[in-house]
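J.: Provided below are the primary sequence and the corresponding predicted coordinates.
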Amino acid sequence: MASGLIRKQCLALIGQVLRRRYEKPSVEKLRQAIMRTEDPSITAHTLPEQIEKRGAQSWIDPLIEDMGEWLLLQLGDMANLLEVLLK
């Protein structure tokens, strides 16, 4: 089971690398990404954007505030699933 999961993750990583290599981002997409990173009123889409917006030291607190409830629900669901699978 673990080897299948690792194999899928490796294939996904290779696919992502190949996609980025052959599908170069356009200048317009890069401009939009930079504008989204620099504008504090726009929500960050990725973790690196969140870190760039908030700074290297203060990015984790807003992330926990934004995702805290959702993350706790997901962890609870995952714990329930694992408990059912282990029985």
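T.: Yes, it's here.
J.: which residues are in contact with the helix or strand of the chain at the bottom of the mean pLDDT ranking?
T.: Sorting the helices and strands of the chain by mean pLDDT, DSSP states H and E puts helix 47-54 at the bottom, at a mean of 76. Helix 47-54 is contacted from outside by Ala33, Arg36, Thr37, Pro40, Ala44, Trp59, Pro62, Leu63, using CB atoms under 8 Å, 6 or more residues apart in numbering. Every residue, glycine included, has its C-beta placed from N, CA and C.
J.: and the host helix or strand of the second one, what does it pack onto?
T.: So that's Arg36. Element membership of Arg36 [criterion: DSSP states H and E] is helix 27-38. Applying 3 or more CB pairs under 8 Å, 6 or more residues apart in numbering; DSSP states H and E, we find helix 27-38 packed against helix 47-54.
J.: tell me the angle the helix it packs on makes with helix 27-38.
T.: Counting by axes from the mean of the first three to the mean of the last three CA atoms, to 10 degrees, helix 47-54 lies at 50 degrees to helix 27-38.
J.: in helix 47-54, which residues are buried?
T.: Using 16 or more other CB atoms under 10 Å as the test for burial, helix 47-54 gives Glu49, Gln50, Ile51, Glu52, Lys53, Arg54.
J.: how far off centre is the helix holding Arg36?
T.: Here helix 27-38 is found 18 Å from its chain centre; the criterion is CA atoms, centre = their mean, to the nearest Å.
J.: CSV for the buried residues of helix 47-54, including distance to Pro25?
T.: As requested, those are exported to CSV (distance: CB to CB, whole Å):
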residue, distance to Pro25
Glu49, 14
Gln50, 19
Ile51, 20
Glu52, 17
Lys53, 20
Arg54, 24
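J.: tilt between the longest helix anywhere in the chain and helix 47-54?
T.: Counting residues, the longest helix in the chain under DSSP state H turns out to be helix 60-86. Counting by the same axes, to 10 degrees, helix 60-86 lies at 150 degrees to helix 47-54.
J.: by contact count, what packs against helix 60-86?
T.: Helix 60-86 makes packing contacts with helix 47-54 when contacts are defined by 3+ CB pairs under 8 Å, 6+ apart.
J.: neighbouring contacts of the helix holding Arg36?
T.: Under CB under 8 Å, 6+ apart, the answer for helix 27-38 is Pro25, Ile42, Ala44, His45, Glu49, Glu52, Lys53.
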